[in-house]
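Engineer: kindly return the folded structure for what I paste below:
(one chain, ligands or ions: 1)
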Amino acid sequence: MINSVRILRNEINTPTVNSLYFHWDVRVEPGQFVMTWVPGLSEIPMSLSLTGKEKCLTVKKYGDTSNALSNVKPGERIFFRGPYGKPFSKVRGKTLLVGGGSGMASLRPLIDQDASGVVAARSSDELLFKGLFPIDKIIVATDDGSEGIKGNIVDALREIELEKYEMIYVCGPERMIKSVVDFVAGRNINMELSLERNMKCGVGICDSCSIDGFQLCTDGPTFGLSTVLTMKEFGRTKLAESGKRIWFQ
Ligand code: FES
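Structural biologist: Presented below is the predicted three-dimensional model:
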């Protein structure tokens, strides 16, 4: 079903990320996504960054559709279909949200009084939603050392006793997630990861999002750590727009 909503406000989060707020009276679980577009441009998958009565799409500018979405003004309409995909599991107890780059967008609905955060980015001005955590529940890392730990997300995770969390949720670029998976492999940790791949149909038909026999749009985009550890292509391949599988490692 195609949905059309009017944007209530467009908030600038970082130099490359905006959040679009709107009302949409449909149940959406954290981790699920919609296929979104503006007229004349192709669809892109986007996770919801708020899933309550007021909903939100947090847009990273990287192409025609995302650039156009970033420039939508209050009162203008955007279009989408969904929600699709498997949401994150719900748990009781302490959780850790680990977001790199714009990855904190899909983790934002999981922020509550039991959640702590690890937010990483290239530089201080690209740290997304770090202000939504209490000061004593957030660790930040930046590649250039402009804020927090100078280093990557794994350098930040080294500072934390990961085993004390009921669940660790992770989202970000695939290479970042791969480094996290390699870091925790073999440890007794509950972890779910939201993966990103090219998506065209969003409903399990086109196979553009496949990885090791899984389709991200229907089997994911959230996967448990034990499943990701079985994926031989994870962190080593991507699918080009044509569908050709490219190995980069
Ligand atoms: S996007 Fe088409 S099968 Fe997943």
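Engineer: distance of the residue nearest to residue 176 when sequence neighbours are not counted relative to residue 126?
Structural biologist: The shortest distance from residue 176 to any non-neighbouring residue, by C-beta to C-beta, 6 or more residues apart in numbering, is to residue 100 (4.1 Å). C-betas here are computed from N, CA, C, even on glycine. Relative to residue 126, residue 100 is positioned 10 Å away (C-beta to C-beta, to the nearest Å).
Engineer: which of these two has more residues huddled nearby?
Structural biologist: Ranked by neighbour count (other C-beta atoms under 10 Å), residue 100 and residue 126 place residue 100 first, with 25 against 22.
Engineer: quick one: contacts for that one?
Structural biologist: 119-121, 153, 171-173, 176-177 (C-beta atoms under 8 Å, 6 or more residues apart in numbering).
Engineer: now do residue 79
Structural biologist: 2-4, 36-39.
Engineer: taking the residues you listed, please make a PyMOL selection of just the buried ones.
Structural biologist: Restricted to buried positions by 16 or more other C-beta atoms under 10 Å, the PyMOL selection for the contacts of residue 79 reads:
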select buried, resi 3+36+37+38
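Engineer: any weak-confidence spans in the protein?
Structural biologist: 238-239, 241-244, 247-249 (pLDDT under 70).
Engineer: try 80
Structural biologist: Low-confidence segments of the chain (pLDDT under 80): 1, 235-249.
Engineer: near the ligand, which residues of it show up?
Structural biologist: Applying C-beta under 6 Å from any ligand atom, we find that the chain lies next to the ligand at 199-202, 204-209, 215-217.
Engineer: got a winner among those for most neighbours?
Structural biologist: Ranked by the number of neighbours (other C-beta under 10 Å), the residues of the chain next to the ligand place residue 217 first, at 27 neighbours.
Engineer: and that residue, that's in a helix?
Structural biologist: Yes - according to DSSP: H, G, I helix; E, B strand; the rest coil, residue 217 belongs to a helix.
Engineer: give the contact list for it.
Structural biologist: 45, 84-85, 199, 201-204, 209.
Engineer: of those, which belong to strands?
Structural biologist: Among these, DSSP state E puts 45, 84 in strands.
Engineer: helices along the chain, start to end?
Structural biologist: 64-70, 104-107, 153-157, 174-184, 216-219, 225-228 (DSSP state H).
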